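Asks: Sequence first, predicted coordinates after that:
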Amino acid sequence: NMLQLFSAAVFVLVSTQLFLDLKRMQSHPLFKVFLVYLVLMTIATLRSDDIARNLDSIVRYTSPFILLFMVSIYFTDRELRKALLFFIALVGLIPLTSSLYHLVSGQMNAYTLHGYDRLLGGYKNLHNMALMTLVFLSLWTFWLIQARSMFHSIVLLGVIGLGCLTLYKTYIRTGILGFAVFVATALLFGKKYRTLAIATVLGAIAMMLSSDLQHRFGDFLLIFDTESVMLDKRKLGSGRWGIWSMSMSEYMAQPMWDKILGIGLGGQRLMTLDWVKLFHSKHITLDPHNDQLLLLYQIGPIGVLCYLAMQWGVFRAAKEILAMPHADRFARTLALFSISFTAMVFVTNSVSNSFVHRTSPGWYYWCFCGLLFAEYADLKRKAAAADLEIKVVPSSA
């Protein structure tokens, strides 16, 4: 489709440009880890049974990192970084407006799943709708922290409130859980402990008062139910518990080299076949609904560790910025935003097909990480220049 063609075109363009700037890319803190990841992805591609069918996966799994390096290298000016964040925040108002229109006009009733009338908004997929709303909600929260006037704060609070409403109306647990993790992490690392405690209490009250939330998240408690003999835990979490356990059993039964290097691109569909045959009457193929497992089955455990190592690199850079005495308000807010967003991505990747499987959310996440590394490099240059100036002045005197 046109979106896939656009993604492929962007992938080719940024890859070509990045290859021309390979020297600058090599100095990036995540370059060596990405190189290992790229080698494993190449091996997985060559081991694929149907390369043509999995061509989009190559773009899906590598283009976000290429975007990371591009943004890190070229957004050296802070005003450009601010402008990009502001522009993306404005872009988010378009799907929000569309979602509110569908909500007010009652068009959301055209899509029903698991007994709920779901809000698709401007998207054709519920999870895309929830994850993109989650991305924009997080970015609007960034600008709320940055706000310096009461008027801007009120406007942003209103936008965030409406965004939360549209996210809730999707009834997608991954999105709701992700935003809760983002807010909690931001408050924790922002050292707003009292606000975190209040938010936790309010969240608990909301869970107790909302039958919808209890129903949507009740499966988690049922996992530990040892009394109900009629309960098939393989159906819990829209089948996630069964898909995870059965696919992992299938993966562990593979030959040693397949466990080390993965099955190859598309291998995740083979790992879930037993669950599909057992619980689906239609002849379909499914991913494992867990992005950590998605990578594990295709490129092996080393590939998963590479992805997590790059996330850890983001966390470390953000923590270092927070510790810099000369880091200003924008730098600290960006670092706090990156830590919170990374925590959110880690959690949502662990419970669903999120920022790896879905290209657009992955692009936004690693783009934000690129802005963080650009800010990090800028601060390091300024600190080095300041140290040099301190050393030169006494010697000349």
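Replies: Noted; the coordinates are in hand. Numbering: from 1, shown residues only.

Asks: As a check, name the ranges of all strands in this protein.
Replies: Per DSSP state E, the chain carries strands over the ranges 112-113, 116-117.

Asks: among these, where is the model least confident on average?
Replies: Ranked on mean pLDDT, the bottom entry among the strands of the chain is strand 112-113, at a mean of 68.

Asks: which secondary element of the chain has the worst mean pLDDT?
Replies: helix 211-222 (a mean of 63; mean pLDDT, DSSP states H and E).

Asks: where are the low-confidence patches of the stretch 151-300 of the chain?
Replies: Applying pLDDT under 70 to the stretch 151-300 of the chain flags residues 214-239, 280-283.

Asks: so what's the residue lying closest to residue 360 once chain neighbours are set aside up against?
Replies: Leaving aside its chain neighbours, residue 360 sits nearest to residue 132 (6.5 Å; criterion: CB to CB, 6 or more residues apart in numbering). Where C-beta positions appear, they are placed from N, C-alpha and C, glycine not excepted. With contacts defined as CB atoms under 8 Å, 6 or more residues apart in numbering, residue 132 is in contact with 92, 95, 123, 360-361.

Asks: Restricted to helices, list the residues you listed.
Replies: The helices, defined by DSSP state H, take in 95, 360-361 from the contacts of residue 132.

Asks: I'd like to know which of the residues you listed is nearest to residue 153.
Replies: residue 95 (22.7 Å; CB to CB).

Asks: which stretches of the stretch 1-150 of the chain have low pLDDT?
Replies: Within the stretch 1-150 of the chain, the stretches with pLDDT under 70 are 1, 3-4, 107-115.

Asks: By neighbour count, which of the ones in helices among the contacts of residue 132 wins?
Replies: In terms of neighbours by other CB atoms under 10 Å, the ones in helices among the contacts of residue 132 top out with residue 361 at 23 neighbours.

Asks: Distance check, that residue against residue 174.
Replies: 11 Å (CB to CB, to the nearest Å).

Asks: cool, residue 346 as well?
Replies: 13 Å.

Asks: Ok, residue 358 next?
Replies: Taken as CB to CB, the span from residue 358 to residue 174 is 11 Å.

Asks: Need the overlap of contacts for those two.
Replies: Both residue 358 and residue 174 are in contact with 127, 131, where contact means CB under 8 Å, 6+ apart.

Asks: Looking at the two, which has the bigger crowd around it?
Replies: The neighbour comparison of residue 358 against residue 174 (other CB under 10 Å) goes to residue 174, with 21 against 18.

Asks: Contacts only, for the closest residue to that one other than its chain neighbours.
Replies: In space, not counting the residues next to it along the chain, residue 174 is nearest to residue 352; the distance is 4.2 Å by CB to CB, 6+ apart. By CB under 8 Å, 6+ apart, residue 352 lies in contact with 127, 174, 240, 289-291.

Asks: let's see it at 10 Å
Replies: Contact partners of residue 352, counting by CB atoms under 10 Å, 6 or more residues apart in numbering, are 127, 130-131, 172-175, 177-178, 237-238, 240, 287-291, 358.

Asks: go on, residue 374?
Replies: Applying CB under 10 Å, 6+ apart, we find residue 374 in contact with 71-78, 80-81, 84, 334.

Asks: okay, it: pLDDT?
Replies: For residue 374, pLDDT reads 95.

Asks: Tell me how far it lies from residue 48.
Replies: Distance, residue 374 to residue 48, using CB to CB: 35 Å.
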